[in-house]
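K.L.:
Model the following, please.
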Amino acid sequence: MAFEKTTIDQAVMDQMQFLLEEVEYLHSTGMKWIEAVIQYCEDHSIEPEEVVPILPPSIIQQIKEEGIRSKTVEGEIPKALWN
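P.N.:
Model (predicted):
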């Protein structure tokens, strides 16, 4: 049973790493952080609310700071980011 849990944990970690790398790449092409996350979600047919819980706190903070800098209202950013 421990082997299964370790395998599942590793699979989740691999997915998180892939998400992080892809979002960072999209951001490096000139997208805002929120745009990069949304693009990732669109590319993989998933809802942003499903991705938010696994985003690193550093990216969530960057999204919030970009929103403040651009005076984005809370309603324009997925609600899960503001919790």
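K.L.:
Quick check on S45: phi, psi?
P.N.:
Dihedral angles of S45 (phi, psi; degrees, to the nearest 10) stand at phi 50, psi 50.
K.L.:
Near it, how many other residues are there?
P.N.:
Residues lying near S45 (other C-beta atoms under 10 Å) number 6. Where C-beta positions appear, they are placed from N, C-alpha and C, glycine not excepted.
K.L.:
Q62 too?
P.N.:
17.
K.L.:
Also M31?
P.N.:
So M31, with other C-beta under 10 Å, has 16 neighbours.
K.L.:
and the gap between the residue lying closest to it once chain neighbours are set aside and Q15?
P.N.:
Leaving out its chain neighbours, the residue that sits closest to M31 by C-beta to C-beta, 6 or more residues apart in numbering is Q39, at 6.5 Å. From Q39 across to Q15, the span is 17 Å (C-beta to C-beta, to the nearest Å).
K.L.:
Between these two, point out the one with more neighbours.
P.N.:
Comparing Q39 with Q15 by other C-beta under 10 Å, the one with more neighbours is Q39, at 16 against 11.
K.L.:
Now do the phi/psi pair for the more buried one.
P.N.:
phi -60, psi -40.
K.L.:
The residue nearest the centre of the chain and T7, how far apart?
P.N.:
The residue lying closest to the centre of the chain (C-alpha atoms, centre = their mean) is L55, at 4.2 Å. The spacing between L55 and T7, counted by C-beta to C-beta, is 23 Å.
K.L.:
Quick check: V37 vs Q62, distance?
P.N.:
Using C-beta to C-beta, V37 is found at 10 Å from Q62.
K.L.:
Identify each buried residue in the helix ranked longest in the chain, please.
P.N.:
When the chain is parsed with DSSP state H, its longest helix is helix 2-28. If you call a residue buried by 16 or more other C-beta atoms under 10 Å, then helix 2-28 has these buried ones: 19-20, 22-23, 26-27.
K.L.:
circling back: can you pull the contacts of the residue nearest to the centre of the chain?
P.N.:
With contacts defined as C-beta atoms under 8 Å, 6 or more residues apart in numbering, the neighbours of L55 are 19, 23, 37.
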